[in-house]
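>>> model the following, please.
(chains A and B)
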Amino acid sequence: MSLGLDVQHLQVRFGEFTAIHDLSFNVAPGESFGLVGESGSGKSTVLRAICGLAARSNGTVKLSGNGDLPAPGSKIFRRRVQMVFQDPYGSLHPRQTVDRMLAEPLAIHGIDDAEQRIAAVLDAVGLGDGFRFRYPHQLSGGQRQRVAIARALILEPDILLLDEPTSALDASVQAEVLNLLEALRRERGLTFVMVSHDLAVVTHLCERLMVMRQGREVETLPAAELAGQRVTQDYTRALMRACAGFQKETTP
Amino acid sequence: MSESLLKVQNLRVSFPSREGGLIEAVRGVSFSLGVERLGIVGESGSGKSQTGRAILGLSAPEAVITADTLCFGNTDLLRCSPAERRHLRGRKIAMVLQDPKYSLNPVMRIGAQISETLLAHQRLSTADAKKRVLQALVDVAIADPERVARLYPHEVSGGMGQRVMMAMMLIAEPALLIADEPTSALDVTVQLQVLAILDKLVRGRGMGLIFISHDLRLVSTFCDRILVMYAGKVVEEIEAAKLHEAKHPYTQGLLNCLPRLGDARHPLPTLQRQEGWKL
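Numbers count the residues shown, from 1 in each chain, chains lettered A, B, ... in the order given. Purely as a prediction, here's the structure:
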């Protein structure tokens, strides 16, 4: 049973500064939704507001789907909505082993049989048992991001919030992590909300995406439309050009 | 290609390992550079940054550097005294580093940091130095240089910080600029602005540029020539415009594993590394 997400009139303010102005969107259960924009557009803040790391000053965040839906901020909500952070070099504790990092969320939520769950989740993200007692500095960037994904998955969440999950990784490792995320989503029926500034990555992983600029929505469109260059806003077009690479000036 | 600025032949950089042996990070790299834009591409650990650092003499003190030739113009960089090296560094060869957050001095105003480079190499009055600093900031497309020069690094954005770094490196008008992942910490739109500035400066001043990056797509659109490195070796040298004709399976694999707009492939092809490439 998968969950969706319903965000209405979200506003986030830091002091006088308004990072998100009145943003609304829907993510259907099992859907993969992307948020795209340049730095400072507020895309990461949206994710942080959803999982409670940034305080909402207005608007609502609700889960949608069947069954009982926990309220945001509750412990059950946090168990079902998990986040993977951008930088695996910064998001793993440097003095804890993989085993201890994975055991912590289980202890917080009072889940037993940690032994088996840790072994299973490491297996699911493509790391064998041999990685279990390593420290982060003994892992490569791709392996670290797999540990970060394992830490989010170990609680068996329904929604994964992905904050630039591959931007710190090399191209070849990026492909591996993207394939892993795709396979996990298929197997477990996960709902993804993914933030990235790379249009190609977002269109690869998401079915629908929202382009953001300065805390506001520019447009929301299916990924296929973007891939087919059918966009309506100039800003989206500018982003697409930027992703294509550098254009040399023709003047000598 | 005009006369060569830099000649590197069989460059090797190794580090002592804890077990007492040597680990070779760069294993016999050769190239020569004229007034052109050369891209060095590879994954983390391929030795691309160590190559750049060895040229500038910024390798860690325990590194063992050997080469048949490592010449900048007529200067043999391997036989330079530290003082001669210091004289070259900044004045003739400069380096832009990856992340402005870590490579600018956090407790020094931007204007003071830029003029420090200048005053290390030239005798100038304070007023003249200030004029040059403001001009350097204008050159990197900073609109109000007076204000920016008074700021501290934490008060500027990433893109602005990277432009400040470039101003600092270019103020002494070096003949060779080594840019080590200059845009990796920036997002796509700012990335292009920074590259456009770099492009203009390189053309305008006739500098040589070594552009180190892991982003094959970016390098292929920006540089003239590309060296692809794998495990400390150059596996392929190719003209940027002909990148799609790359022959080496590693280069092809790198190109192939990028997601592309308008071309859905699920799952993405991944790179199958082969031991044979390391030989």
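>>> from here on, just use CA atoms for contacts and neighbour counts.
Noted.
>>> next one, pLDDT for the closest residue to chain A within the stretch 151-279 of chain B please.
Checking the stretch 151-279 of chain B residue by residue against chain A with C-alpha to the nearest C-alpha singles out residue B:262 as nearest, at 4.0 Å. We note a pLDDT of 75 for residue B:262 in this prediction.
>>> and the residue lying closest to it once chain neighbours are set aside, what is it in contact with?
Counting by C-alpha to C-alpha, 6 or more residues apart in numbering or on different chains, residue A:227 is the residue found nearest to residue B:262 once chain neighbours are left out, at 4.0 Å. Residue A:227 is in contact with A:203, B:261, B:262, B:263, counting by C-alpha atoms under 8 Å, 6 or more residues apart in numbering or on different chains.
>>> at 10 Å instead, please
Contacts for residue A:227 were tallied using C-alpha atoms under 10 Å, 6 or more residues apart in numbering or on different chains; they are A:199, A:200, A:203, A:204, A:240, B:260, B:261, B:262, B:263, B:264.
>>> how many neighbouring residues does residue 181 have?
Assuming you mean chain A. When counting by other C-alpha atoms under 10 Å in any protein chain shown, one arrives at 20 neighbours for residue A:181.
>>> sorry, I should have been clearer: chain B.
Residue B:181 sits with 19 neighbouring residues when counted by other C-alpha under 10 Å.
>>> doesn't residue B:49 make contact with it?
Yes: assessed by C-alpha atoms under 10 Å, residue B:181 is found in contact with residue B:49 at 8.7 Å.
>>> tell me where the stretch 51-200 of chain A has strands.
For the stretch 51-200 of chain A, the strands defined by DSSP state E, counting those that start in this stretch occupy A:58-64, A:81-84, A:159-163, A:191-196.
>>> which regions of the chain sit below the pLDDT cut-off?
No chain was given, so I picked chain A. In the prediction, chain A carries residues with pLDDT under 70 at positions A:1, A:248-252.
>>> my question was about chain B
Residue ranges of chain B with pLDDT under 70: B:1-3.
>>> which stretches of it form strands?
Here chain B has its strands, by DSSP state E, at B:6-16, B:22-33, B:37-41, B:64-66, B:69-72, B:75-76, B:93-96, B:176-180, B:208-213, B:225-230, B:233-239.
>>> dump these to CSV, plus mean neighbour count and distance to residue A:142.
As requested, the strands of chain B are exported to CSV (neighbours: other C-alpha atoms under 10 Å in any protein chain shown; distance: least, C-alpha to C-alpha, whole Å):
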stretch, mean neighbour count, distance to residue A:142
strand B:6-16, 19, 24
strand B:22-33, 19, 20
strand B:37-41, 27, 19
strand B:64-66, 17, 29
strand B:69-72, 20, 35
strand B:75-76, 13, 40
strand B:93-96, 24, 26
strand B:176-180, 24, 21
strand B:208-213, 24, 18
strand B:225-230, 24, 17
strand B:233-239, 20, 22
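>>> distance to residue A:245 for those strands - can I get that in TSV?
Rendered in TSV, the data for the strands of chain B read as follows (distance: least, C-alpha to C-alpha, whole Å):
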stretch	distance to residue A:245
strand B:6-16	28
strand B:22-33	24
strand B:37-41	14
strand B:64-66	35
strand B:69-72	31
strand B:75-76	36
strand B:93-96	20
strand B:176-180	17
strand B:208-213	13
strand B:225-230	15
strand B:233-239	16
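>>> for the contacts of residue A:227, give me CSV that also has neighbour count.
Shown next, in CSV, are the contacts of residue A:227 (neighbours: other C-alpha atoms under 10 Å in any protein chain shown):
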residue, neighbour count
A:199, 27
A:200, 22
A:203, 26
A:204, 25
A:240, 21
B:260, 18
B:261, 21
B:262, 16
B:263, 13
B:264, 15
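>>> list just the nearest of these to residue A:187.
residue A:204 (17.7 Å; C-alpha to C-alpha).
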